[in-house]
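> Pasting the sequence and the predicted coordinates here, then a few questions.
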Amino acid sequence: MTGLAVVRAVHFAAAIEVIGALLFCWLLREAPCAVGGASERPYHAWLMHLALGSLVIVAISGMAWFALQVAQTSDGGLTAAWTSGAVHTVLFKTHAGTVWWVRLGIATALTILIVAFAWRDAADGPALGIAFALAIANLASCAWLSHAAADPGAFGPLHLGVHAAHLLGVSLWLGGFIPLLMLLSPAHRVADRSAVAVIHHVGVRFGDIALFAVALIVLTGVANTALLVEDTSDLMSGAFAKLLGAKLLLLLLMLVLAAYNRQVLLPRLASATPWHAAALLRRSVWAELAIGMVVLLIAGALGITPPGGTAE
């Protein structure tokens, strides 16, 4: 696992979390702000702090990603790349540089909106919709820095669209884990039935979105692999095949946990004694989150590993 793969994974995770925070802000617009009475701080404020913290990580990891990428173009590393003018060339004379400038503009506009939300008790619908669209654009634009962007074939634009849709599906599912855990935590500590009712309501709605996200992930994942791999033998051996196999195995495990949460634990939140189910749901979501982080690490490595080859 190279440094670039780890940095990419961190960048993806942070960008995904911005989407998750805004998604739950939307899901809870009509729900009580203070959950379970465990804290006087509105849940809206927690989500905005999560989004802002994630954006800081997006900025730092984005700069590290760019630096490591440019360093690969110079034998002497980043210092040599800077003194030789490689940094200037990449930023102002390449397609990748254009993508990074566009992403900087998106991230700046998104930060301004979220800072404005943080000063208010709630975000109005249209502004929240714009912020959500910007957050999705910020993550989806990573497709233009991936294998898909280097596809010179006739299906290159399709490849980009499929990869961007894949990132969207991942964000709608993985992005909800930390906000859901934040929502579950107070209910786990205090026996507040109104808090559990909010969790049940949001959990069901998030579950519906997650079902759509999983379907999108599977369909676009299959299409993305078909567009990327030219020879089926690349799926049988090499670093790419091993990483892809590990990713699929972990994804299957996540699907099992998600099905258990949806079919068993969420319905129990509407029972006469929901708090045990809330505690079990919290542990299960923690497990999904941990597996999801490993999946993102693998995805970070896949993005710089050619089919049939070894990681760069």
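Received, thanks. Numbering: from 1, shown residues only.

> can we go C-alpha only for contacts and neighbour counts from here?
Will do.

> just the helices in this protein please.
Remark: helices of the chain, listed N- to C-terminal, are 3-27, 43-71, 77-83, 86-93, 95-118, 125-140, 156-174, 177-189, 193-228, 238-260, 266-268, 275-302; assignment by DSSP state H.

> List the residues that contact Leu244.
Under the criterion of Cα atoms under 8 Å, 6 or more residues apart in numbering, the contact partners of Leu244 comprise Ile298, Leu302.

> Roughly how far does it sit from Val170?
16 Å (Cα to Cα, to the nearest Å).

> Next, format the helices of the chain as TSV and append distance to Ser146 and mean pLDDT.
Formatted as TSV, those follow (distance: least, Cα to Cα, whole Å; pLDDT from 0 to 100):
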stretch	distance to Ser146	mean pLDDT
helix 3-27	11	90
helix 43-71	12	88
helix 77-83	21	69
helix 86-93	16	81
helix 95-118	10	89
helix 125-140	11	90
helix 156-174	9	88
helix 177-189	25	76
helix 193-228	11	84
helix 238-260	14	88
helix 266-268	37	83
helix 275-302	10	87
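
> Verify the contact between Val202 and Arg29 for me.
No: counting by Cα atoms under 8 Å, Val202 sits too far from Arg29 to count as a contact (10.5 Å).

> quick one, which of these two is more surrounded?
More crowded of Val202 and Arg29, by other Cα atoms under 10 Å: Val202, with 18 against 14.

> Look at the nearest residue to Phe212 once chain neighbours are set aside and say how many residues are nearby.
Closest residue to Phe212 apart from its sequence neighbours, by Cα to Cα, 6 or more residues apart in numbering: Gly169 at 7.8 Å. When neighbours are defined as other Cα under 10 Å, Gly169 has 25 of them.

> Quick check: which of the helices of the chain is buried the most?
Sort the helices of the chain by mean neighbour count, taking mean count of other Cα atoms under 10 Å, and helix 3-27 sits at the top with a mean of 24.

> show me the contacts for Leu266.
With contact taken as Cα under 8 Å, 6+ apart, Leu266 is in contact with His200, Gly203, Val204, Ala277, Leu281.

> quick one: the last one and Met293, what's the gap?
Read it as Leu281. Here Leu281 is placed at a distance of 18 Å from Met293 (Cα to Cα).

> again with the second one
Distance check for Gly203 against Met293: by Cα to Cα, it reads 21 Å.

> With the third one instead?
When Cα to Cα is applied, the distance between Val204 and Met293 equals 23 Å.

> how about the closest residue to Trp101 other than its chain neighbours, what does it touch?
Spatial nearest neighbour of Trp101, excluding adjacent residues (Cα to Cα, 6+ apart): Leu91 at 7.8 Å. Leu91 makes contacts with Gly97, Thr98, Trp100, Trp101, as judged by Cα under 8 Å, 6+ apart.

> same deal with Arg262?
Contact analysis of Arg262 by Cα under 8 Å, 6+ apart lists Val204, Gly207.

> Pretty sure Ala239 sits against Gly303.
No: contact status for Ala239 versus Gly303: not in contact, 11.8 Å apart, counting by Cα under 8 Å.

> Contacts for stretch 94-104 next, please.
Under the criterion Cα under 8 Å, 6+ apart, residues Val90, Leu91, Phe92, Asn138, Ser141, Trp144, Leu145 lie in contact with stretch 94-104.

> Would you convert these into TSV that also reports distance to Val70?
Written out in TSV, the entries for the contacts of stretch 94-104 read as follows (distance: Cα to Cα, whole Å):
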residue	distance to Val70
Val90	7
Leu91	10
Phe92	13
Asn138	21
Ser141	18
Trp144	16
Leu145	13
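
> Distance-wise, check Val264 relative to Gly203.
12 Å.

> Tally up the residues packed near Thr232, please.
Residue crowding around Thr232 was assessed by other Cα under 10 Å; the count is 11.

> got it, and the one 4 residues further on?
A total of 13 residues lie near Met236 under the criterion other Cα under 10 Å.

> for it, what are its contacts?
Taking Cα under 8 Å, 6+ apart as the contact definition, Met236 lies against nothing.

> Need phi/psi at it.
Dihedral angles of Met236 (phi, psi; degrees, to the nearest 10) stand at phi -110, psi -20.

> and if you look at Thr94?
Residue torsions, per degrees, to the nearest 10, at Thr94 are phi -130, psi 160.

> same check, this time on Ile304
In this entry, Ile304 is assigned phi and psi values of phi -120, psi 20 (degrees, to the nearest 10).

> was I right about it contacting Ala5?
Yes: using Cα under 8 Å, Ile304 is in contact with Ala5, at 7.2 Å.
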